[in-house]
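In: After the sequence you'll find the predicted model.
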Number of protein chains: 2
Amino acid sequence: MPAADDAVVASWQANAAAWTGAVRDGLIASRRITGPALIEILRERAPARVLDLGCGEGWLTRALAPMGIAVVGVDASAPLIDAARAAGGGSFLVRDYAAIAAGETTLPLADAIVCNFSLLGLAPVDRLLAAVPHLLDPAAPRAALIVQTLHPHAGCGDAPYRDGWRTETWSGFGEGFVQPAPWYFRTLESWTALLTRSGLWLTDMREPPNPDTGRPASLILVAEPVRDAG
Amino acid sequence: MPAADDAVVASWQANAAAWTGAVRDGLIASRRITGPALIEILRERAPARVLDLGCGEGWLTRALAPMGIAVVGVDASAPLIDAARAAGGGSFLVRDYAAIAAGETTLPLADAIVCNFSLLGLAPVDRLLAAVPHLLDPAAPRAALIVQTLHPHAGCGDAPYRDGWRTETWSGFGEGFVQPAPWYFRTLESWTALLTRSGLWLTDMREPPNPDTGRPASLILVAEPVRDAG
């Protein structure tokens, strides 16, 4: 694993308290668009069992549980899971992507796996997605992976439009962030290729509009496991 | 069919000579990127039989035939098919999308259907795509629709990012264009939804880079028919 991938996990340990505050105090304006957009897709698909992978301080798990969904929030950052458990309203586990990918931990089969801005690294994300089809219930007809991420175009900024490591400096996210967070930028082409080589086919893509910019606030990818032809 | 859809076909009749000149004289700079990018995908997938839907003056059909591919070029514009036949190097048919969608014309089954910047309308395109799975050989394991189109983000310009009719005024395409051409802008979300409701799942997406702008020169969508699970 490259050093940058280690630094991803480390940053989410170090910044756990500041991040929890930023989410709970509503300091991340775009979340007022992207959160409801994700919940809307879950309402449409109506999964019975959801795995919230990279759940952070747990807001999504807490939002889904009252909808009658059996949801488990999972995150590699122990302090974030501590914050999630302290707020309650769901079931939370500390698990890192490497252990999930390697099959070293058992998670309940799901009808939907949701990754809300939580696929931030390179190699661990590639390995995690390869394992996703095994975490989805083969008997569930519309089982799917649902990924919300920075929109590769609306969010590319002035940097070159190509895959590569970038750094989140937390400017505008409030106080208390002690460590910049590396994250791996992926183009649209690259996201699609990653899904396809993981045995997942894109069936839906959403671009929740940001009325202030006239551009999408995020990209939501919905992918279903490839089933063998009869 | 709305009037704009009729005007799409009419514009490609009226501008046939000017368009043929623009393509053959190399006046459309981006085609030096987008043409090879499309041919590269066809080389990778190595289909035996290709339908070049909306072939225009026929450059792609002529490029594929020497690769040992049985290719048929189809276009609704009779004067463009006349220009294609005059240049030779392939087999060409005048057929409109409505007749293809309605099953009123027989086309040879294909391993790949290619639409190179040729899905320009609204209702006829929706109906054509619904018919595409029936034009692909069910016995061909990797049969696919391959669509190259304006990149919804790199090519959106200053207009709002949402589906709607726009107008090509042919500025920069050389002389002789006598009629502006309406075309229907589709967002990424909308393209994906169109494919999915047509029974086609996205398996690949390419964004050929334009080195001058650092942004994609186009978007290429590769979609395979959904096969029933066994």
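Out: Okay, I see it.
In: Would you enumerate the residues in contact with A:Ile220?
Out: Listed by CB atoms under 8 Å, 6 or more residues apart in numbering or on different chains, the contact set of A:Ile220 reads A:37-38, A:41, A:146-149, A:204-208. C-beta: built from backbone N, CA, C; applies to glycine.
In: can you tell me which helix or strand it belongs to?
Out: strand A:219-225 (DSSP states H and E).
In: What pairs with that strand, parallel or antiparallel?
Out: Next to strand A:219-225 in the sheet, as set by DSSP bridges, lie strand A:144-149 (antiparallel), strand A:200-206 (antiparallel).
In: What's the first helix or strand after the shortest one?
Out: Read it as strand A:144-149. Past strand A:144-149, the next helix or strand by DSSP H and E is strand A:164-168.
In: Can you tell me what sits against that following strand?
Out: Contacts for strand A:164-168 (CB under 8 Å, 6+ apart): A:4, A:122, A:159, A:180-185.
In: just the buried members of the residues you listed?
Out: Applying 16 or more other CB atoms under 10 Å in any protein chain shown to the contacts of strand A:164-168, the neighbour count classes A:122, A:181-185 as buried.
In: Chain B contacts on chain A?
Out: Proximity of chain A to chain B is confined to A:153-154, A:160-162, A:187-189, A:192-193, A:196, A:201-207, A:209, A:214-216, A:219, A:224, A:227-230 under the rule CB under 8 Å from any CB of the partner chain.
In: filter those residues to the buried ones?
Out: Applying 16+ other CB under 10 Å to the residues of chain A next to chain B, the neighbour count classes A:153-154, A:161, A:187-189, A:192-193, A:196, A:201-207, A:209, A:215-216, A:219, A:224, A:227 as buried.
In: What values do phi and psi take at the closest residue to A:Ala7 other than its chain neighbours?
Out: Spatial nearest neighbour of A:Ala7, excluding adjacent residues (CB to CB, 6 or more residues apart in numbering or on different chains): A:Pro182 at 5.0 Å. Backbone torsions for A:Pro182, taken as degrees, to the nearest 10, come to phi -70, psi 150.
In: Could you report the pLDDT at A:Pro182?
Out: Note for A:Pro182: predicted pLDDT of 95.
In: Quick one: residues contacting it.
Out: A:4, A:7-8, A:11, A:120, A:165-168.
In: Now render the contacts of A:Ile220 as CSV, adding pLDDT.
Out: Shown next, in CSV, are these (pLDDT from 0 to 100):
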residue, pLDDT
A:Ala37, 98
A:Leu38, 98
A:Ile41, 97
A:Ile146, 98
A:Val147, 98
A:Gln148, 98
A:Thr149, 98
A:Asp204, 96
A:Met205, 97
A:Arg206, 98
A:Glu207, 98
A:Pro208, 98
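In: Looking at those, which is nearest B:Ala84?
Out: A:Met205 (34.5 Å; CB to CB).
In: wait, doesn't the closest one sit right on B:Leu194?
Out: No: using CB atoms under 8 Å, A:Met205 is not in contact with B:Leu194; the gap is 11.1 Å.
In: low-confidence ranges in chain A?
Out: A:1-2, A:228-230 (pLDDT under 70).
In: And the strands in it?
Out: For chain A, the strands defined by DSSP state E cover A:49-53, A:70-75, A:91-94, A:112-116, A:144-149, A:164-168, A:181-185, A:200-206, A:209-210, A:215-216, A:219-225.
In: of these, which approaches B:Pro79 most closely?
Out: The nearest among these, by CB to CB, is strand A:200-206 at 37.1 Å.
In: Type out the ChimeraX command that picks the buried ones from the contacts of A:Pro182.
Out: Applying 16+ other CB under 10 Å to those leaves a buried subset, and the ChimeraX line that selects it is:
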select /A:7,8,11,120,168
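In: any idea which of the contacts of A:Pro182 is the one closest to B:Ala29?
Out: Once CB to CB is applied, the member of the contacts of A:Pro182 that ends up nearest B:Ala29 is A:Arg166, at 30.5 Å.
In: Regarding chain A, what is its longest helix?
Out: helix A:31-45 (DSSP state H).
In: what helices or strands is that helix leaning on?
Out: helix A:59-64, strand A:112-116, strand A:144-149, strand A:200-206, strand A:219-225 (3 or more CB pairs under 8 Å, 6 or more residues apart in numbering or on different chains; DSSP states H and E).
In: tell me which residues of that helix are tucked away?
Out: For helix A:31-45, by 16+ other CB under 10 Å, it's A:31, A:33-35, A:37-38, A:41-42, A:45.
In: what do you get for stretch A:115-129?
Out: Buried-residue list, stretch A:115-129, by 16+ other CB under 10 Å: A:115-122, A:124-129.
In: now that stretch, how far from the centre of its chain.
Out: 8 Å (CA atoms, centre = their mean, to the nearest Å).
In: With stretch A:44-60 instead?
Out: Worked out by CA atoms, centre = their mean, stretch A:44-60 lies 9 Å from the chain centre.
In: Equivalent analysis for stretch A:60-68, please.
Out: 16 Å.
In: Just the residues contacting it, thanks.
Out: A:35, A:38-39, A:42-43, A:50, A:52, A:55, A:71-73, A:84, A:87-92, A:114, A:116.
In: Please list only the buried members of those residues.
Out: The neighbour-count test (16+ other CB under 10 Å) marks A:35, A:38, A:42, A:50, A:52, A:55, A:71-73, A:84, A:87, A:89-92, A:114, A:116 as buried among these.
In: Tell me how far A:Thr105 lies from chain B.
Out: 28 Å (CB to the nearest CB, to the nearest Å).
In: what's near enough to touch that residue?
Out: A:Thr105 sits next to A:95, A:99 when contact means CB under 8 Å, 6+ apart.
In: Tell me what A:Val71 is bridged to.
Out: Bridge pairing for A:Val71 - DSSP bridges - gives A:Val50.
In: Just give me the neighbour total for A:Val178.
Out: 10 (other CB atoms under 10 Å in any protein chain shown).
In: Nearest to B:Leu135, out of the buried residues of stretch A:115-129: which one, please.
Out: Using CB to CB, A:Leu129 comes nearest to B:Leu135 of those, at 32.2 Å.
In: Spatially central residue (nearest the centroid) of chain A, please.
Out: A:Cys115 (2.4 Å; CA atoms, centre = their mean).
In: I'd say that residue and A:Val132 touch.
Out: No: the criterion here is CB under 8 Å, and A:Cys115 misses it with A:Val132 at 9.1 Å.
In: Common neighbours of the two, please.
Out: In contact with both A:Cys115 and A:Val132: A:Leu145, using CB under 8 Å, 6+ apart.
In: bridging residues for A:Tyr184?
Out: Beta-bridge partners for A:Tyr184, by DSSP bridges, are A:Trp165.
In: Can you tell me how far it is from chain B?
Out: Applying CB to the nearest CB to A:Tyr184 and chain B gives a distance of 17 Å.
In: do you know how far that residue is from A:Ser118?
Out: 12 Å (CB to CB, to the nearest Å).
In: Of the buried ones among the contacts of strand A:164-168, which is the nearest to chain B?
Out: Checking the buried ones among the contacts of strand A:164-168 against chain B with CB to the nearest CB, the nearest one is A:Phe185 at 13.4 Å.
In: Pretty sure the closest one sits against A:Asp163.
Out: Yes: A:Phe185 sits in contact with A:Asp163 when judged by CB under 8 Å, with a separation of 6.2 Å.
In: No further queries at this time; thank you.
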